[in-house]
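**Student:** My questions concern the predicted model and sequence given below.
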Amino acid sequence: MKIDLYFKYFDLLKHIKEIAPFTPDISLILGSGLGDFADSLKIHKSVLTTSLPGYPPSTVEGHSGKMHFCEYKGKKLLLFQGRIHLYEGYEIYETVLPVFISYKTGCRNMIITNAAGGVNPDFHPGDLMLAVSFNGISIKKELTRLIGLAKPDSKTFMIDFPSGEINDKIRSAAELENITLREGVYWYNKGPSYETPAEVRMAAKMGADAVGMSTVHEAVFAAYLEMKVASISCITNYGAGISAQKLSHDEVTETANKVKGDFERLIKETVEMV
Ligand code: HPA
């Protein structure tokens, strides 16, 4: 079935145009732990995503489903508190709605944040990792379908991810804020189950530095729309099998909460440069 995204979300996009108080300089998808980032900014408008026509309700604990138009030091931000995961059973085109909405407000810069498991043996819970590339092999089929839905022609194209320009700003921001920033490859696992130790070992052998259940399709869609996009992961735990401790969502949110201060400073400093 071929779905025209613009047609399918016509009412939603019209609604966004009516309520958006400004064209954001940058848009952010907030992963686990960064959820309440908006509280530290000047909020112009907050919207429950359930009030948006056609927007899928979030089913994940800690992802409360709000969209905030905010301001920080003169920069205009659009924040998505709560994301839509493929593992919640949604269609790929539903999961990229935050990107699509950002694009339709006229925003052309994005930072996607997420919680991830550390695979690189030098990474530890609490580290922040800037993505230098990703591996999305396990959702290639969905990605092909997504771009097929949005693309009027069948030309192949190169994904410009991450944006070198935004990554350089994030690196400078980390230096200014004295925050250690790791760099590495984000490896997508559809979830909702965490990886097995064998899968983590395989991912490590194939170049993964961190594993997570989001971001790749969002970044691909943003890059396809010619937005500048970067991704920062909060390493919330060791990948399965790396430590003896059993993985849990509680561990993920606990670590993310501990690092929240650094994460917020890093994002704020970066936003000032955009
Ligand atoms: N694996 C996948 N997703 C995650 C992890 C992990 O270890 N930690 C946080 N999100």
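**Tutor:** Sure, I can see it. Numbering: from 1, shown residues only.

**Student:** Give me the spatial nearest neighbour of Gly184, chain neighbours excluded.
**Tutor:** Using CB to CB, 6 or more residues apart in numbering and skipping residues adjacent in sequence, the residue nearest Gly184 is Asp209, 2.6 Å away. Backbone N, C-alpha and C define where each C-beta goes, glycine included.

**Student:** sec struct for the spatially most central residue of the chain, please.
**Tutor:** In the chain, the centroid-proximal residue (CA atoms, centre = their mean) is Ile112; its distance is 3.0 Å. State at Ile112, reduced to three classes by DSSP: H, G, I helix; E, B strand; the rest coil: strand.

**Student:** Likewise for the one 5 residues further on?
**Tutor:** Gly117 carries the three-state label strand when classified by three-state DSSP.

**Student:** Run a quick neighbour tally on the closest residue to it other than its chain neighbours.
**Tutor:** Sequence neighbours aside, Gly239 is the residue nearest to Gly117 in space, at 4.0 Å (criterion: CB to CB, 6+ apart). Gly239 sits with 29 neighbouring residues when counted by other CB atoms under 10 Å.

**Student:** ok, now Asp209?
**Tutor:** Neighbours of Asp209 using other CB under 10 Å come to 26.

**Student:** Run through the residues that contact the residue nearest to Gly184.
**Tutor:** 118-120, 123, 129, 182-187 (CB atoms under 8 Å, 6 or more residues apart in numbering).

**Student:** ok so, going back, the residue nearest to the centre of the chain and Leu266, how far apart?
**Tutor:** 14 Å (CB to CB, to the nearest Å).

**Student:** Over to Val211?
**Tutor:** 21 Å.

**Student:** want to throw the contacts of Asp209 into TSV with pLDDT, neighbour count and secondary structure?
**Tutor:** Converted to TSV, those look like this (pLDDT from 0 to 100; neighbours: other CB atoms under 10 Å; DSSP: H, G, I helix; E, B strand; the rest coil):
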residue	pLDDT	neighbour count	secondary structure
Gly118	98	27	strand
Val119	98	30	coil
Asn120	98	20	coil
Phe123	97	22	coil
Met129	98	24	strand
Arg182	98	19	strand
Glu183	98	15	strand
Gly184	98	24	strand
Val185	98	19	strand
Tyr186	98	29	strand
Trp187	98	29	strand
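
**Student:** Those residues of the stretch 1-150 of the chain touching the ligand, which are they?
**Tutor:** With the criterion set to CB under 6 Å from any ligand atom, the stretch 1-150 of the chain comes near the ligand through 115-117.
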